[in-house]
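> What would the 3D arrangement of this be:
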Amino acid sequence: MSWPAPPVRRVLALAAIAASLVVCGCTKESSTPTPSSGPPSPSVTPANPTVTTTTPTLELPTASAVPLPPGRTQEIETALASGNEAAVRGVVALPAGAALSPDLLAGLQGLKGLRLDPTTFHPISSTTALIDGSTEGQQWTVYLTLDGGVWKIAATEAK
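The predicted model follows:
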């Protein structure tokens with residue numbers, strides 16, 4: 001069984017850099033010689049050309065939602081680390097009556113040692129939010145959903 005699709009669009013980090021060279025008052029000599037009656041005209045090059053760069057920023061929608069209660073990130077981390085099916089059910093959003101398949105439990109092993117940063121909690125709707133997480137050597141975007149008044153993991157995505 002694979003992770004359910006995130007309830008929101010995937011959030012991708014944008015790393016595009018645009019550069020432009022501003023050159024004013026320049027003339028360009030022709031690359032092919034042409035007969036002329038006078039000396040060639042000089043080309044003008046600015047002494048210090050200006051290079052500007054901009055980095056686009058990704059603006060996430062912001063919504064009003066139930067705040068993440070203090071200690072909830074530790075509850076999620078502890079439940080995932082325990083491997084206990086009942087504990088995992090309390091922190092992972094599952095359809096009613098759904099069984100925790102061996103594939104799902106194996107997939108959760110990739111999140112062993114997950115540390116969530118509560119300061120990055122960002123509601124994007126009244127029932128969905130994002131939070132940053134990390135495991136040894138891997139950064140994660142963790143999608144949360146409000147399920148029965150409790151924030152639970154809906155999906156994860158490696159950064």
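> residue ranges of the helices in this structure, please?
Under the criterion DSSP state H, the chain contains helices at 72-82, 85-89, 102-108.
> Leu116 is nearest to which of those helices?
helix 72-82 (4.0 Å; CB to CB). Every C-beta, even on glycine, is put in place using the N, C-alpha and C of the backbone.
> hang on, the earlier thing: Ala96: which of the helices of the chain is closest?
Among the helices of the chain, helix 85-89 sits nearest to Ala96 (CB to CB), with 11.3 Å.
> List the neighbours of that closest one that are in contact with it.
Thr78, Ala79, Leu80, Ser82, Leu100, Leu105, Leu108 (CB atoms under 8 Å, 6 or more residues apart in numbering).
> Quick one: those as JSON lines, columns for neighbour count, distance to Ile124 and pLDDT too.
Below are the contacts of helix 85-89 laid out as JSON lines (neighbours: other CB atoms under 10 Å; distance: CB to CB, whole Å; pLDDT from 0 to 100):
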{"residue": "Thr78", "neighbour count": "13", "distance to Ile124": "26", "pLDDT": "92"}
{"residue": "Ala79", "neighbour count": "20", "distance to Ile124": "23", "pLDDT": "90"}
{"residue": "Leu80", "neighbour count": "21", "distance to Ile124": "22", "pLDDT": "89"}
{"residue": "Ser82", "neighbour count": "12", "distance to Ile124": "29", "pLDDT": "84"}
{"residue": "Leu100", "neighbour count": "15", "distance to Ile124": "27", "pLDDT": "82"}
{"residue": "Leu105", "neighbour count": "13", "distance to Ile124": "28", "pLDDT": "74"}
{"residue": "Leu108", "neighbour count": "21", "distance to Ile124": "24", "pLDDT": "76"}
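> can you put the residues you listed in a markdown table and add distance to Thr145?
Below are the contacts of helix 85-89 laid out as a markdown table (distance: CB to CB, whole Å):
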| residue | distance to Thr145 |
| --- | --- |
| Thr78 | 19 |
| Ala79 | 16 |
| Leu80 | 16 |
| Ser82 | 21 |
| Leu100 | 17 |
| Leu105 | 20 |
| Leu108 | 16 |
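> highest average neighbour count across the helices of the chain?
The highest average neighbour count among those, using mean count of other CB atoms under 10 Å, belongs to helix 72-82 at a mean of 17.
> burial measure for the nearest residue to Ile153 once chain neighbours are set aside, as a count.
Distance criterion CB to CB, 6 or more residues apart in numbering; nearest residue to Ile153, sequence neighbours excluded, is Val92 at 5.0 Å. Residues lying near Val92 (other CB atoms under 10 Å) number 23.
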